[in-house]
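Need a 3D model of the following:
(one chain, ligands or ions: 1)
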Amino acid sequence: MYQTWEELEQECNNCTKCKLCNNRHNVVIGTGNKNAKVMFIGEGPGADEDIQGIPFVGKAGKLMDKAFEGVGIKREEVYIANIVKCRPPNNRNPEYEEADTCKEYLDSQMKLINPEIIVLLGSVALKNILGKEYGITASRGKWIEKDGIKYLPTFHPAALLRDESKKIDFWKDLKEIVNYTK
Ligand code: URA
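The predicted structure follows:
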């Protein structure tokens, strides 16, 4: 575990612990308020994130920004990170081993930020944080408490790009958390 952001960022930016380091342009550690009450966890960087070094700046991120704006959440108020910090090739899901290797960084971020709630964006975040037995369809919108942290699983914004009907539930879930961001 890393006790300071400096230590964490230094290690993470130079990380070669798994094969995802081979093709990356940038390590995507996270963005936002390091004292946030609300933390979002996605899956892993895509092409745009890999180039810019910032999470959720591509198509899915822009959709999430729009939804944030709609319910009154500011990106600067929350913290956004991913299960893995380097882009999986062709945007495939991160392997459990890769996620596991990267977990120390995410665990450290969670500890340093100490948020009141954590929003899990999609199945990869849900399964890696709460367990493989969880499914996103059954779990979305339901609060789950584990080790004193309250989690709210919801759809990944990329899923909304594929299926517009999911937008209503995503919006509903964001509305649940908006009060925590103030
Ligand atoms: N999808 C994710 O899960 N994370 C990002 O940062 C971008 C797209």
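
got the phi/psi numbers for the residue most central in space within the chain?
By C-alpha atoms, centre = their mean, the mean C-alpha position of the chain lies nearest to Ile41, the distance being 1.9 Å. Per-residue torsions, Ile41: phi -120, psi 120 (degrees, to the nearest 10).

Identify the residues contacting it.
Ala81, Asn82, Ile83, Leu106, Ile118, Val119, Leu120, Leu121, Ala125, Ile129 (C-beta atoms under 8 Å, 6 or more residues apart in numbering). Every C-beta, even on glycine, is put in place using the N, C-alpha and C of the backbone.

My reading is that Tyr151 lies in a helix. Confirm?
No. Read with DSSP: H, G, I helix; E, B strand; the rest coil, Tyr151 is strand and lies in no helix.

Against the ligand, how distant is it?
Distance of Tyr151 to the ligand, computed by C-beta to the nearest ligand atom, to the nearest Å: 16 Å.

Kindly report the same for Leu120.
From Leu120 over to the ligand the distance is 11 Å, taken as C-beta to the nearest ligand atom.

about what we covered before: pLDDT score assigned to the closest residue to the residue nearest to the centre of the chain other than its chain neighbours?
Computed as C-beta to C-beta, 6 or more residues apart in numbering, the closest residue to Ile41 that is not its neighbour in sequence is Ala125, at 4.6 Å. Among the per-residue scores, Ala125 holds a pLDDT of 98.

List the contacts of Ala125.
Contact partners of Ala125, counting by C-beta under 8 Å, 6+ apart, are Ile41, Gly42, Glu43, Ile83, Pro153, His156.

restrict the residues you listed to contacts with the ligand.
Subset of the contacts of Ala125 in contact with the ligand: Gly42, Glu43, counting by C-beta under 6 Å from any ligand atom.

now the contacts of Ala125 in JSON lines, with distance to Gly53 and pLDDT?
Output for the contacts of Ala125, formatted as JSON lines (distance: C-beta to C-beta, whole Å; pLDDT from 0 to 100):
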{"residue": "Ile41", "distance to Gly53": "18", "pLDDT": "99"}
{"residue": "Gly42", "distance to Gly53": "15", "pLDDT": "98"}
{"residue": "Glu43", "distance to Gly53": "17", "pLDDT": "98"}
{"residue": "Ile83", "distance to Gly53": "17", "pLDDT": "98"}
{"residue": "Pro153", "distance to Gly53": "27", "pLDDT": "98"}
{"residue": "His156", "distance to Gly53": "20", "pLDDT": "98"}
